[in-house]
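Undergrad: sequence plus the predicted model coming up.
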Amino acid sequence: MTDLLAGLGRRSLDFFERLGRGHLFLLRVLASVPGLVRRPGLVVKQVWSTGVQSLIIIVISGAFVGMVLGLQGYNTLVTFGAEESLGLVVAKSLLRELGPVVSALLFAGRAGTALTAEIGFMKATEQLSAMEMMAVDPLRRIVAPRFVAAIIAMPLLAAIFTAVGVLGGYFCGVGLLGVDDGSFWSQMQAKVLLMEDVVNGVVIKGVVFGAVISWIAVFEGYDAVPTSEGVSAATTRTVVHSSLAVLGLDFVLTGLMFN
Amino acid sequence: MKNTRTIEITVGIFVALGMAALLMLAMKVANLSQFTEQDGYEVRAYFDNVGGLQTRSAVKMGGVTIGRVTAIGFDQSRFQAVVTMSIDQAYNHIPADTAANIYTAGLLGEQYIGLEAGGEEVELKPGDELTMTQSAMVLEKALQEFLYNKTVKSEPK
Amino acid sequence: MAITSDPTQSETLVRIRNLHFRRGRRAIFDGIDLDIPRGRITAILGPSGTGKTTLLRLIGAQIAPTQGTVEVDGRDVHRLPLDELYEQRKRIGMLFQSGALLTDLSLFENVAFPLREHMRLPESMIRSLVLMKLEMVGLRGARDLYPRELSGGMARRAALARAIALDPMMIMYDEPFSGQDPISMGILVRLIKTLNDTLGITSVLVSHDVAETCTIADYIYVLSGAKIVGAGTPQELQAEHSPTVRQFMSGMPDGPLPFHYPGKAYLDDLLEAPR
């Protein structure tokens, strides 16, 4: 019994210690972000490896999610004779939830893990240490550009995912199932609002999820035990923690935005 | 690792693609391009009951969308709902005695305002009021009337 | 050793006094005094796991000691503000055991890295500086290769070229000979010697390879059990009578440093009934 309690205590102490370290780390990263103004090339390179490299998976998944929404939405709506609202259903669910959330989960798996593994590997092979000894701050040179790049890339990916998804839904609904072309768009256009749906959903959620994922990813990499086991454990943690964080935050944000 | 130039170009394409997607969502999906306040003129109409009418509901004439509802309020002096709608600048030859009715698309569908042209020579000007209105059909009321009529008709037998 | 009044002109470049460092409960260093003279090759010898690499990190101020001071060029590196520490580090090169080349950069870019980070130089000048450093370590022809394409010895030479890119006053070598074949070992020994002789760079060398170290070091400290157990020129140490030093210098398996990890008596362990 006491063992159980001690275990619980130790684990929660560890948890809070890590949480504290993570926040201190975030502050240090944020402090080195302004210096990037002089080195935009570093950020561009990282947008390439986080954003551009995730593009294919985002486009393909977006298309399929949109098509499935088209099929499922049609099947439900047709029982009420309201299949004209298909465009609305597809667009709203993509803009508000599926677009930002699914692309964030994919981003965590594709780009987040790559960030953790890369930084962890650099730590394990003493590259970060070597930089420090060359009087180059690895936070400024390695971590900050990756952090910023992920925040830039994420909302763009969410927007691409959503746009492709809407087209996928259009293809399924109008192309395959014969929903009227005009009413698909007009129902959507009548009810989708720029601020409430597009900006709140894709842009704000995209930026927040991007920030959280890249924070977790770079912290796990930087904090990894510098061995191959340590790095692979850190990579796993990145996926688990950032997925949970995205889903939890999504609930909070949805509550704040749409009520 | 590819060279810097290629990376810069692909990143440029990527950012442009993302922006284009956002623009598409704003224009095509949220329909920002049409019926914004500045390219339409506003008219008012009072209704006893607006039913499920909402802002951004369509204003149609002959089945063609010519405008949007921009605001719905309640006038305390008249105890009526006041609906402000914006009509596209292109449709500026609408008679002043046009009637405004609230219709439902399908049995359970969207509600919209249908305008029926009157015969007057004078044209509708910005800020005018549409005086001839017919309220939304409320399903419960219609059912009540229907049942009432039924019973009234069946009694003499 | 004479202590002069002006520390920047003193013979001693690195002065370590009463250095304590603990990791968890284990004492890595327990009161170490050590002087590294300017322009010489000073070696720190000791068995694996005695914290020789830790000592280099303490000198580079990557980690802080529990107690004691480390002065480099007359200034306590652990009390320097961050920007001054970074200025100081530009003047210290370090060769890591693994080489620690940046894996996503070519050899050329690796050597150019500190130059690009710290100086605004025209591309042509960077090119000639980098080629000069690569020529010195004999890898000018390999400049377009990536670290994964290099052998261990080549990687270490490339890392050496990077360490001297900013013309440092001191280079710290972390186990430069471990895991090298005899030829690349010979090359490294010669390189360290040449750099020290021609450029007058102070060299600190941490190693457990006694023979190679003795051929080039001017002065050797022997580290064992968190303390310095012996110091002197290679000749003096060979003649040293202290049993620990003798055991280490001649590589005997058992002695004051026991072959067996501390534990209870073998017989007791065998006879103990399993639970």
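TA: Noted; the coordinates are in hand. Residues are numbered from 1 along each chain as shown, chains lettered A, B, ... in the order given.
Undergrad: mind giving me the domain split of chain B?
TA: B:1-30, B:40-144 (automatic domain parsing).
Undergrad: format those as JSON lines; extra columns: distance to residue C:214.
TA: C-beta: built from backbone N, CA, C; applies to glycine. Listed next are the domains of chain B as JSON lines, based on distance: least, CB to CB, whole Å:
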{"stretch": "domain B:1-30", "distance to residue C:214": "43"}
{"stretch": "domain B:40-144", "distance to residue C:214": "87"}
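Undergrad: please name whichever of those domains is nearest to chain A.
TA: In terms of CB to the nearest CB, the element of those nearest to chain A is domain B:1-30, at 2.7 Å.
Undergrad: list the buried residues in the closest one.
TA: The neighbour-count check on domain B:1-30 (16 or more other CB atoms under 10 Å in any protein chain shown) flags B:7, B:10-11, B:14-15, B:17-18, B:21-22, B:24-26, B:28-30 as buried.
Undergrad: now the domains of chain B in CSV, with mean pLDDT and distance to residue C:41?
TA: Shown next, in CSV, are the domains of chain B (pLDDT from 0 to 100; distance: least, CB to CB, whole Å):
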stretch, mean pLDDT, distance to residue C:41
domain B:1-30, 82, 37
domain B:40-144, 83, 81
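Undergrad: dump those domains to JSON lines, plus distance to chain C.
TA: Shown next, in JSON lines, are the domains of chain B (distance: least, CB to the nearest CB, whole Å):
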{"stretch": "domain B:1-30", "distance to chain C": "6"}
{"stretch": "domain B:40-144", "distance to chain C": "51"}
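Undergrad: who are the packing partners of the least confident helix or strand in chain C by mean pLDDT?
TA: When each helix and strand of chain C is scored by mean pLDDT, DSSP states H and E, helix C:243-250 comes last, with a mean of 75. Counting contacts by 3 or more CB pairs under 8 Å, 6 or more residues apart in numbering or on different chains; DSSP states H and E, helix C:243-250 is packed against strand C:219-224, strand C:227-232, helix C:234-238.
Undergrad: most packed of these?
TA: strand C:219-224 (a mean of 22; mean count of other CB atoms under 10 Å in any protein chain shown).
Undergrad: correct me, but residue B:18 touches residue A:162?
TA: No: taking contacts as CB atoms under 8 Å, residue B:18 lies outside contact range of residue A:162: 10.7 Å.
Undergrad: in the helix or strand just after the least confident helix or strand of chain C, what counts as buried?
TA: Scanning forward in sequence from helix C:243-250 by DSSP states H and E, the next helix or strand is helix C:266-271. Across helix C:266-271, burial judged by 16+ other CB under 10 Å covers no residue at all.
Undergrad: avg pLDDT for helix C:266-271?
TA: Mean pLDDT, computed over helix C:266-271, is 80.
Undergrad: neighbouring contacts of that helix?
TA: For helix C:266-271, the external contacting residues (CB atoms under 8 Å, 6 or more residues apart in numbering or on different chains) are residue C:263.
Undergrad: quick one on the thing from earlier: flag every buried residue along the least confident helix or strand of chain C.
TA: Within helix C:243-250, the residues that qualify as buried are C:244-249, counting by 16+ other CB under 10 Å.
Undergrad: going by distance to residue A:173, which of those wins?
TA: residue C:248 (79.6 Å; CB to CB).
Undergrad: so what's that closest one up against?
TA: Under the criterion of CB under 8 Å, 6+ apart, the neighbours of residue C:248 are C:45-47, C:210, C:222, C:224, C:257.
Undergrad: repeat the analysis, applying 10 Å as the threshold.
TA: Neighbour list for residue C:248: C:45-47, C:208, C:210, C:222-224, C:229-230, C:237, C:240, C:242, C:255-257 [criterion: CB atoms under 10 Å, 6 or more residues apart in numbering or on different chains].
Undergrad: what do you get for residue C:180?
TA: By CB under 10 Å, 6+ apart, the neighbours of residue C:180 are C:151-153, C:156, C:186-189, C:209, C:212.
Undergrad: just the buried ones from those residues?
TA: For the contacts of residue C:180, buried by 16+ other CB under 10 Å: C:153, C:156, C:187-189, C:209, C:212.
Undergrad: quick check: residue A:48 touching residue A:152?
TA: No: the pair residue A:48 / residue A:152 is not scored as a contact, 11.1 Å apart, by CB atoms under 10 Å.
Undergrad: now the common contact residues for those two.
TA: Contact criterion CB under 10 Å, 6+ apart; residues shared by residue A:48 and residue A:152: B:11, B:14.
Undergrad: interface residues of the stretch 101-250 of chain C facing chain A?
TA: Proximity of the stretch 101-250 of chain C to chain A is confined to C:101-104, C:110, C:113-114, C:116-118, C:147, C:159, C:162-163, C:165-166, C:168, C:172, C:174 under the rule CB under 10 Å from any CB of the partner chain.
Undergrad: the strand or helix carrying residue B:72 pairs with which strands?
TA: Per DSSP H and E, residue B:72 falls inside strand B:64-75. Using DSSP bridges, the strands paired with strand B:64-75 are strand B:58-61 (antiparallel), strand B:80-88 (antiparallel).
Undergrad: which elements pack onto the top helix by length along chain B?
TA: When chain B is parsed with DSSP state H, its longest helix is helix B:4-24. If you count contacts as 3 or more CB pairs under 10 Å, 6 or more residues apart in numbering or on different chains; DSSP states H and E, helix B:4-24 packs onto helix A:40-50, helix A:55-78, helix A:144-170.
Undergrad: one more pass at 8 Å, please.
TA: Applying 3+ CB pairs under 8 Å, 6+ apart, we find helix B:4-24 packed against helix A:40-50, helix A:144-170.
Undergrad: residue C:49: how many residues sit nearby?
TA: 9 (other CB atoms under 10 Å in any protein chain shown).
Undergrad: before we move on, what about residue A:39?
TA: For residue A:39, the neighbour count with other CB under 10 Å is 15.
Undergrad: that one touches residue A:148, doesn't it?
TA: No: between residue A:39 and residue A:148 there is no contact under CB under 8 Å: 10.7 Å.
Undergrad: shared neighbours, these two?
TA: With contacts taken as CB under 8 Å, 6+ apart, residue A:39 and residue A:148 have no neighbour in common.
Undergrad: before we move on, back to that, now the longest helix of chain B against helix A:40-50, angle please.
TA: Using axes from the mean of the first three to the mean of the last three CA atoms, to 10 degrees, the inter-axis angle of helix B:4-24 relative to helix A:40-50 is 70 degrees.
Undergrad: which neighbouring elements make contact with the helix or strand just after helix B:4-24?
TA: Later in the chain than helix B:4-24, the nearest helix or strand by DSSP H and E is strand B:40-47. Under the contact definition 3+ CB pairs under 8 Å, 6+ apart, strand B:40-47 sits against strand B:64-75, strand B:80-88, strand B:99-104, strand B:129-130, strand B:133-134.
Undergrad: how about those in TSV, adding mean neighbour count?
TA: Formatted as TSV, those follow (neighbours: other CB atoms under 10 Å in any protein chain shown):
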stretch	mean neighbour count
strand B:64-75	16
strand B:80-88	20
strand B:99-104	18
strand B:129-130	18
strand B:133-134	17
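Undergrad: for these, which one sits closest to residue B:46?
TA: Closest to residue B:46 of the helices and strands packed on strand B:40-47 is strand B:80-88 (CB to CB; 4.4 Å).
Undergrad: what does that closest one contact?
TA: Residues outside strand B:80-88 that contact it (CB under 8 Å, 6+ apart): B:34-35, B:37, B:39-50, B:53, B:59, B:66-75, B:94, B:100, B:113, B:124.
Undergrad: buried ones in the lowest-mean-pLDDT helix or strand in chain A, by neighbour count?
TA: Lowest by mean pLDDT, DSSP H and E among the helices and strands of chain A is helix A:181-191, with a mean of 79. Across helix A:181-191, burial judged by 16+ other CB under 10 Å covers A:183-191.
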